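Participant: Predicted model follows, preceded by the sequence.
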Amino acid sequence: MELTDILYEKQDGIAKLTINRPDRLNAFRAQTINELIWALRDAWDDNRVGVVVLTGAGEKAFCVGGDQKEKGSEGGYDYSGGLGGGIGLEVENLHQTIRNIPKPVIAAVNGYAIGGGHVLHVVCDLTIAADSAKFGQSGPKVGSYDAGYGSAYLARIVGEKKAREIWYLCEQYTAEECKEMGLVNKIVPANQLQAEADAWAKKILEKSPTAIKMLKYSFNADSASIQGISQLSMASLAMFYNTEESNEGKNAFLEKRAVDFQQFRK
Ligand SMILES: CC(C)(COP(=O)(O)OP(=O)(O)OC[C@H]1O[C@@H](n2cnc3c(N)ncnc32)[C@H](O)[C@@H]1OP(=O)(O)O)[C@@H](O)C(=O)NCCC(=O)NCCSC(=O)CCC(=O)c1ccccc1C(=O)O
């Protein structure tokens, strides 16, 4: 596959996927998601690979979710294929691939992890963050949501009350705050992030691959029912994206103006 939106390299048992759209703060579009799924499947298929590291290009962002500039006039992302579940993005498939690949996926969060970009690190097995990283959900500000892994699995990690706060208020949290919530495993200075992710990967590579695989499957089993919630969430999102309410959120962001959701509270 010709890669335009991500960088993909494999070295010493580590597959590194870098979302490479820094001019859009590594926001993803349909092509980005498809490339991530392709690279994960390649890493899955390659028996020399034992660990995957997911990160973002540049110093500012890990990923800030769906590319709002790629949304069409009818709300959904600018891709009409059926695999995207109606929203135009195979996000649900991406989440499931991160969970199903029988090798740990480490998120190396180098900056903003916002919206769908935040959900990406949430579904990864481990998160290592730069001390400068910022985390948060933003869907309700821009007429969107991820009510699958983004809410239900997040709540398992940080607890119901905190997960509700994160989604209802859409504020940003520091790496330190996220570590206290159990959402981040380790914080390092930004210039040591990739080396630290590699060091964690190397420690995992010293372990029994079968034991690691079975443990990942076991951890997954307990939250597997969230896949069904995720399907419902994405299917409902496809319908929501076609509403004036959702479009108001997207348009306000793109026009850099205050959003007016009050008109929809009738
Ligand atoms: C990330 C910010 C907080 C950064 O703020 P700041 O440092 O002030 O920089 P800005 O000047 O705002 O941004 C710089 C530059 O980048 C552009 N940009 C930023 N975010 C996006 C984006 N998501 N898409 C496209 N472009 C983006 C911005 O316009 C600027 O460019 P200019 O040319 O200078 O104008 C802040 O930028 C921010 O809040 N961004 C929006 C983040 C966002 O709302 N993301 C989508 C959230 S949707 C969601 O959370 C739930 C849905 C979900 O998870 C999901 C599920 C299934 C499919 C898709 C999604 C999804 O994520 O959409």
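Facilitator: Alright, I've got the coordinates. Numbers count the residues shown, from 1 in each chain.
Participant: only C-alpha atoms for contact and neighbour calcs from this point on.
Facilitator: OK.
Participant: which residues does T55 bridge with?
Facilitator: Following DSSP bridges, T55 is listed with bridge partners T18, A108.
Participant: Spell out which parts of this structure neighbour the ligand.
Facilitator: Taking C-alpha under 6 Å from any ligand atom as the criterion, the neighbours of the ligand within the chain are 24-25, 27, 64-69, 91, 114-116, 137-139, 142, 144-146.
Participant: Return the set of buried residues in stretch 220-233.
Facilitator: In terms of neighbour count (16 or more other C-alpha atoms under 10 Å), stretch 220-233 has its buried residues at A224, I226, Q227, I229, S230, Q231, S233.
Participant: Name all residues that make contact with Y168.
Facilitator: For Y168, the contacting residues are P140, taking C-alpha atoms under 8 Å, 6 or more residues apart in numbering as the criterion.
Participant: how far does the helix or strand hosting it sit from the chain's center?
Facilitator: Take DSSP states H and E as the rule and Y168 turns out to sit in helix 160-169. Put simply, helix 160-169 sits 17 Å off its chain's centre (C-alpha atoms, centre = their mean, to the nearest Å).
Participant: could you dump that helix to CSV, C-alpha only?
Facilitator: What follows is the C-alpha trace of helix 160-169 in CSV, where atoms were taken according to Å, rounded to 0.1, in the frame of the first residue of the first chain:
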residue,chain,number,x,y,z
GLU,A,160,-17.6,6.4,35.8
LYS,A,161,-17.5,9.9,37.4
LYS,A,162,-14.2,11.0,35.9
ALA,A,163,-15.2,9.6,32.5
ARG,A,164,-18.4,11.6,32.6
GLU,A,165,-16.5,14.7,33.6
ILE,A,166,-14.1,14.2,30.7
TRP,A,167,-16.9,14.0,28.1
TYR,A,168,-19.4,16.4,29.6
LEU,A,169,-16.9,19.2,30.2
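Participant: got the contact list for whichever helix or strand comes after that helix?
Facilitator: Tracing the chain C-terminally past helix 160-169 and defining elements by DSSP H and E, one meets strand 173-174 next. Contacts to strand 173-174, defined as C-alpha under 8 Å, 6+ apart, come from residues D131, S132, A133, K134, F135, G136.
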